[in-house]
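>>> Provide a 3D model corresponding to the input given below.
(one chain, ligands or ions: 1)
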Amino acid sequence: MRLISVTIGILALIVCTTAKLAPTIRLSSGYDIPVIGLGTFESTAGDAEQAVKDAIDAGYRHIDTAFLYGNEVEVGNAIRAKIDEGVIKREDIFITTKLWSTFHEPEQVEKAFQRSFDNLNLGYIDLYLIHYPVSYRRVLQNIRLPSDDVNAFYVFPVDKDGKSQTTDVDYVDTWLAMEKLVQSGRVRSIGISNFNSVQTDRILSIATIKPVTNQIECHPNLNQRKLINFSGQRNITITAYSPLGRPHTQSGKKLAISDPKVLELAQKYRKTPAQVVLRYTLQNGAIIIPKSTNKNRIQENFNIFDFELSDTDMQIMHDLNNNYRLINFESDKDNKNYPFNIDF
Ligand code: NAP
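Predicted structure coming up:
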């Protein structure tokens, strides 16, 4: 028995010392974030835990989850398992989770955060984001749960005609409640997601603690050059979600990963189309968080630090931009905080 655990320990050490790590960027909070993280949206129960373990073995030290994804417990379990195996220490890994839109009222923020904090059970959260600037009504779905339980509500509440039930909570008030979480010491950095430039500046105009990142949809077909430049000037990083363009969806199939020009570049650099697409967004100035639950693809997506797209090839990639948005929350477009009604 002892021999087995010693062997596991040695193997863990070998994995730990052989996996090459990704570069990091310094956030305005003073903490460092690895430029690639594992996405976990739609990583279902069972899959998410193994995917996070495989990612850590492959060298990922940044994991992106959210209350919405329903897998915080599994993500936390996987990270703790890797800490127990001796592969990583807590401080080696950067974990992001997000406040969902049903909890935007300032008095709800603490409660929602505490649930994510308990779900992950990692001692502290590296980064907590406002997931989306539009707020939703809390509509009870599970009458067996008390109404102070965050799991008692629909995450996408709709009325009897199927219309999205949004509210007008001001995300600026939500932000002030987010700042208190940092002051409590349970989260190191805070940020925003799906915010446009005007909304970002509104936050900056009242913030004592600045958002360190804006997590937005970003891939070659929606390359977000304007928002990346705008945010850079304000020392806010951009984290690119759906960086592969969600190739499993009907719309995603039409995007860069299947474009003949990308296939050509993939041949030229002896890389896969996915690697070219991810490398592009990295060189375009964003942190990337590709999702996979497949061990080989988790590794493939990480192997992008041994080549660089030339300026000419970057221009070929820039030219693929057609502002195609995959995730547009269209049913919320009449809400005053809907972020995608302006250019950027
Ligand atoms: P994505 O990462 O662009 O695409 C994920 C899809 O690509 C999965 O179906 C995956 O399938 C497949 N895939 C992975 N690697 C591949 C490869 N090398 N070649 C071909 N296909 C590959 O899309 P996403 O999940 O929407 O975005 C990534 C992460 O961003 C999410 O998981 C989530 O953490 C975050 N996100 C945030 C927001 C937000 O509002 N803040 C919104 C959406 C997403 P397999 O798993 O089978 O490999």
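
>>> what's the offset of stretch 132-150 from the middle of its chain?
23 Å (CA atoms, centre = their mean, to the nearest Å).

>>> oh, I was asking about stretch 314-323
How far stretch 314-323 lies from its chain's middle: 23 Å, per CA atoms, centre = their mean.

>>> packing partners of the helix or strand encompassing Leu278?
Taking DSSP states H and E as the definition, Leu278 sits inside helix 273-283. Taking 3 or more CB pairs under 8 Å, 6 or more residues apart in numbering; DSSP states H and E as contact, the helices and strands that helix 273-283 lies on are helix 260-269, strand 287-288, helix 295-302, helix 311-318. Every C-beta, even on glycine, is put in place using the N, C-alpha and C of the backbone.

>>> mean confidence score for the third one?
Just to be clear, that refers to helix 295-302. Mean per-residue pLDDT for helix 295-302: 98.

>>> ditto for stretch 209-219
98.

>>> put the alpha carbons of that stretch into PDB.
C-alpha atoms of stretch 209-219 as PDB (Å, rounded to 0.1, in the frame of the first residue of the first chain):
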ATOM      1  CA  ILE A 209     -11.000  48.600  -7.200                       C
ATOM      2  CA  LYS A 210     -10.700  48.400 -10.900                       C
ATOM      3  CA  PRO A 211     -11.900  45.400 -13.000                       C
ATOM      4  CA  VAL A 212      -8.800  43.400 -14.000                       C
ATOM      5  CA  THR A 213     -10.400  41.900 -17.100                       C
ATOM      6  CA  ASN A 214     -13.400  41.900 -19.300                       C
ATOM      7  CA  GLN A 215     -14.300  38.400 -20.500                       C
ATOM      8  CA  ILE A 216     -15.900  38.700 -23.900                       C
ATOM      9  CA  GLU A 217     -16.700  36.500 -26.900                       C
ATOM     10  CA  CYS A 218     -13.600  36.800 -29.100                       C
ATOM     11  CA  HIS A 219     -12.300  34.700 -32.000                       C
END
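
>>> could I get the full set of helices for the stretch 151-300 of the chain?
Using DSSP state H, counting those that start in this stretch, the helices found in the stretch 151-300 of the chain span residues 171-183, 197-206, 225-233, 260-269, 273-283, 295-302.

>>> need the winner for burial among the ones you listed.
Ranked by mean neighbour count, those are led by helix 273-283 with a mean of 23 (mean count of other CB atoms under 10 Å).

>>> quick one: contacts of it?
For helix 273-283, contacts defined as CB atoms under 8 Å, 6 or more residues apart in numbering pick out 35-36, 218-220, 223, 240, 243-245, 247, 256-258, 262-263, 265-266, 269, 271, 288, 290, 297, 300-301, 303-304, 307-309, 314, 317.

>>> buried residues in stretch 152-163?
Going by neighbour count (16 or more other CB atoms under 10 Å), the buried part of stretch 152-163 is 152-153, 157.

>>> how about the residues of the protein near the ligand?
Listed as neighbours of the ligand in the chain under the rule CB under 6 Å from any ligand atom: 39-42, 64, 131, 193-194, 215, 241-248, 274, 289-294, 297, 300-301, 327.

>>> next, name the residue at the spatial heart of this protein.
Asp64 (4.3 Å; CA atoms, centre = their mean).

>>> what about Gly86, neighbour count?
Neighbour count for Gly86, taken as other CB atoms under 10 Å: 15.

>>> tell me the SS of it?
Following DSSP: H, G, I helix; E, B strand; the rest coil, the label given to Gly86 is coil.

>>> then the one 10 residues further on?
Reducing the assignment to helix, strand or coil with three-state DSSP, the entry for Thr96 is strand.
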